[in-house]
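Attaching a predicted model along with its sequence, questions to come.
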Amino acid sequence: MPDPRHTKERLVTDILEPAVVPVLDDASPLARLFAMVGDAYTEAEQRDDAEVAAAHHVYNAYGATLGLVLGGEDWAGQISVKDNRLEASAVAWLEGGLWLHHALAISEDDGARDVLTLIAPCACGSGYFDIQLENEEDLLEILTGLRRTGGRVPHPYDDDCGSVLDPHAPTQK
Ligand SMILES: [Zn+2]
């Protein structure tokens, strides 16, 4: 005849131990798996937010140009860790070495401000230029010039184009 208290103790242990103990233990496999999922989700969320912010800005401020040729799926969100800058950004490939880069610049005075930059290769092939776009008229003017030069910025005579390589510019697609 088994001792009733012993039976009860064993039942409680069998039921509760697998479910409770791993969660309470920070070093357990489950706790470590939860930590991995949490980090991955945060990064995915930042990328999603960056893509939505870029598509939203282009749709609103460049509706007659960029908004017609770029959809939300054309933006690739990325997390910036350079110089401890935490804001995410998004890039959209246009052609060859031409990209758009969008980020929200956060400042105490202005709050969040959209910063849209066109990244275009130098004609010499060794560098890129960052051209910050102010508005759609500004973009049209820049596009007119780039169309004449085949999408490349003429190499400046008095400057080194390689020194302005954008750290965000993807090198391939
Ligand atoms: Zn150059």
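Yep, it's here.

hey, let's count contacts and neighbours off CA atoms from now on
OK.

Name the helix or strand for Leu104, please.
Secondary structure assignment for Leu104, by DSSP states H and E: strand 98-107.

The helix or strand just after that strand near the ion anywhere?
Counting by DSSP H and E, the next helix or strand C-terminal to strand 98-107 is strand 111-121. No. Against the ion, strand 111-121 shows no contacts by Cα under 5 Å from the ion, the least distance being 7.9 Å.

got the angle for strand 111-121 vs strand 98-107?
Interaxial angle of strand 111-121 relative to strand 98-107 (axes from the mean of the first three to the mean of the last three Cα atoms, to 10 degrees): 160 degrees.

Show me what strand 111-121 pairs with in its sheet, parallel or antiparallel.
Counting by DSSP bridges, the strands paired with strand 111-121 are strand 98-107 (antiparallel), strand 128-133 (antiparallel).

Compare those and give me the one nearest the ion.
strand 128-133 (7.5 Å; Cα to the ion).

Can you point out the buried residues in that closest one?
Applying a neighbour-count criterion of 16 or more other Cα atoms under 10 Å, the buried positions in strand 128-133 are Tyr128, Phe129, Asp130, Gln132, Leu133.

Any chance of those in TSV with pLDDT as columns?
Shown next, in TSV, are these (pLDDT from 0 to 100):
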residue	pLDDT
Tyr128	87
Phe129	87
Asp130	88
Gln132	94
Leu133	96
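
one step back: can you list contacts of the strand holding Leu104?
The contact list for strand 98-107, computed with Cα atoms under 8 Å, 6 or more residues apart in numbering, reads 50, 54, 87-94, 111-121, 151, 168-169.

quick one, helices of the protein?
Ranges of helices in the chain, per DSSP state H, are 4-24, 29-61, 66-69, 136-148.
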